[in-house]
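Trainee: Based on what follows, work out the 3D shape:
(one chain, ligands or ions: 2)
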Amino acid sequence: MNGEPLLEIKDLHVGYKTHMGISHVLNGVHLTVHKGERVGVIGESGSGKTTTMKSILRILPSNAIIKKGEIVYNGKDVLKMSNEELLTIRRKKISMIFQDPTSALNPLFKIGQIMLDIIKYSYNLEEKDAKEMALKALKEAALPDPERVFDSYPFQLSGGMRQRVCIALALIGERELIIADEPTTNLDVTIKAQVLNLLTDLVKKKNVGWIFVSQALGAVRENVDRVYVMYAGNIIEWGPSEKVFSNPLHPYTQKLLECVPKLTGKEFAKGIRGRIPNYFHPPSGCRFHPRCDYIMDNCKKNIPEPVEVEHEHFVSCYLYHRR
Ligand SMILES: Nc1ncnc2c1ncn2[C@@H]1O[C@H](COP(=O)(O)OP(=O)(O)O)[C@@H](O)[C@H]1O
Ligand SMILES: [Mg+2]
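Mentor: Ligands and ions are numbered 1, 2, ... in the order given. Predicted structure coming up:
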């Protein structure tokens, strides 16, 4: 992928302080998004996807510890920004759509009030212009009767409509990067596809950078340029989406893709033996080694350097070091 990097996460290490001690979750995560590029992030639950996304906006819970790393946005390290710079990024440049549209909207306020507050604050607009902007955004998010939605409380809307409101909010103004963290996971099966189509269409139309975190592998495959595979706090494989999905290299990626019911409908997932490791005492070396069918001595000792197996398609695995 050519073009200028918009976001570059480098060697990010994040842990959490808990009553059981410190968990070592992110273990050197890296990820790049170029301007206008659509990037997917996949991996089992608990692999650290949300922790990575929240790090970008510095909205991690208070017990999180950023131990090491850089998050360079438009040439500047987010981890070193002043509060004022951070606010500008959050209000104008990057927006995030969460898994749960309910908790993202304050239940005590009408949708219109929530939107006006955000718009007025971010863009210094008069009430009338802000309202116009809000209604336009609701319309763009394919909400029928925007005036009525504007005048509703969150509880008066269905889950799908609430997520459309969040999408509308996320796309207001001239955003450069939209982060969607499992945006349809909490929605009813019947409306998942509609909401996803809306989001992907809007992202394409606006030509913004996009990070799409999802367990819906088919949707990721179809809607991103490049994909990163995350396992237990490490990026273990990345590359152009078509290459990663058609030619998965890492034993973990191979298993993960096997877990998707085959399109023929008959064959079902074999599943991956074992579970994500305990982050209080993570495995040494490659964190996947306890679950891997191809384990070698080296795997227990060191984290493998990435290898570019085909053009722009990388894997961190010792199986590809022997060649
Ligand atoms: N506030 C927290 N305190 C302690 N541990 C947490 C906290 N948030 C997340 N974790 C742990 O971090 C790990 C990664 O979680 P997360 O980033 O949510 O993964 P994913 O989004 O891939 O499911 C999990 O083991 C989770 O339990
Ligand atoms: Mg998550």
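
Trainee: Return the residues in contact with the closest residue to A64 other than its chain neighbours.
Mentor: Leaving aside its sequence neighbours, A64 sits nearest to Y16 (C-beta to C-beta, 6 or more residues apart in numbering; 5.5 Å). The C-beta positions use only the backbone N, C-alpha and C, and glycine is treated the same way. Shown in contact with Y16 (C-beta atoms under 8 Å, 6 or more residues apart in numbering): 22-23, 25, 61, 63-65, 279.

Trainee: do the same with H30
Mentor: H30 touches 8-12, 235, counting by C-beta under 8 Å, 6+ apart.

Trainee: on that earlier part again, buried ones from the contacts of Y16, can you make that a PyMOL selection?
Mentor: In PyMOL, a selection of the buried entries from the contacts of Y16 looks like this (16 or more other C-beta atoms under 10 Å):
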select buried, resi 23+25+64+279
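
Trainee: Mind telling me the two of the contacts of Y16 farthest from one another?
Mentor: P61 and Y279 (14.8 Å; C-beta to C-beta).

Trainee: ok, back up a step: kindly state the beta-bridge partners for the residue nearest to A64.
Mentor: S23, A64 (DSSP bridges).

Trainee: Look up how far ligand 1 lies from it.
Mentor: 3 Å (C-beta to the nearest ligand atom, to the nearest Å).

Trainee: I172 now?
Mentor: For I172, the distance to ligand 1 - C-beta to the nearest ligand atom - is 26 Å.

Trainee: Skip the chain neighbours and tell me the closest residue to that residue.
Mentor: In space, I172 is closest to A137, 4.9 Å off (C-beta to C-beta, 6+ apart).

Trainee: just the strands in the stretch 201-323 of the chain please.
Mentor: Secondary structure of the stretch 201-323 of the chain (DSSP state E, counting those that start in this stretch): strands located at 209-213, 226-231, 234-240, 307-310, 313-315.

Trainee: now the ones you listed as TSV including mean pLDDT and distance to R90?
Mentor: Output for these, formatted as TSV (pLDDT from 0 to 100; distance: least, C-beta to C-beta, whole Å):
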stretch	mean pLDDT	distance to R90
strand 209-213	97	15
strand 226-231	98	23
strand 234-240	98	25
strand 307-310	98	35
strand 313-315	98	31
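
Trainee: Where does the stretch 201-323 of the chain get nearest to ligand 2, which residue?
Mentor: The nearest approach of the stretch 201-323 of the chain to ligand 2 comes at V213, 6.7 Å away (C-beta to the ion).

Trainee: circling back: which one, of the strands of the stretch 201-323 of the chain, ends up nearest to D117?
Mentor: Using C-beta to C-beta, the strands of the stretch 201-323 of the chain put strand 209-213 closest to D117, at 25.2 Å.

Trainee: what about the residue of the stretch 1-150 of the chain found nearest ligand 2, neighbour count?
Mentor: Across the stretch 1-150 of the chain, the shortest distance to ligand 2 (C-beta to the ion) belongs to T50, at 3.2 Å. Applying other C-beta atoms under 10 Å, we find 17 residues neighbouring T50.

Trainee: which residue sits closest to it, ignoring its sequence neighbours?
Mentor: D181 (5.7 Å).
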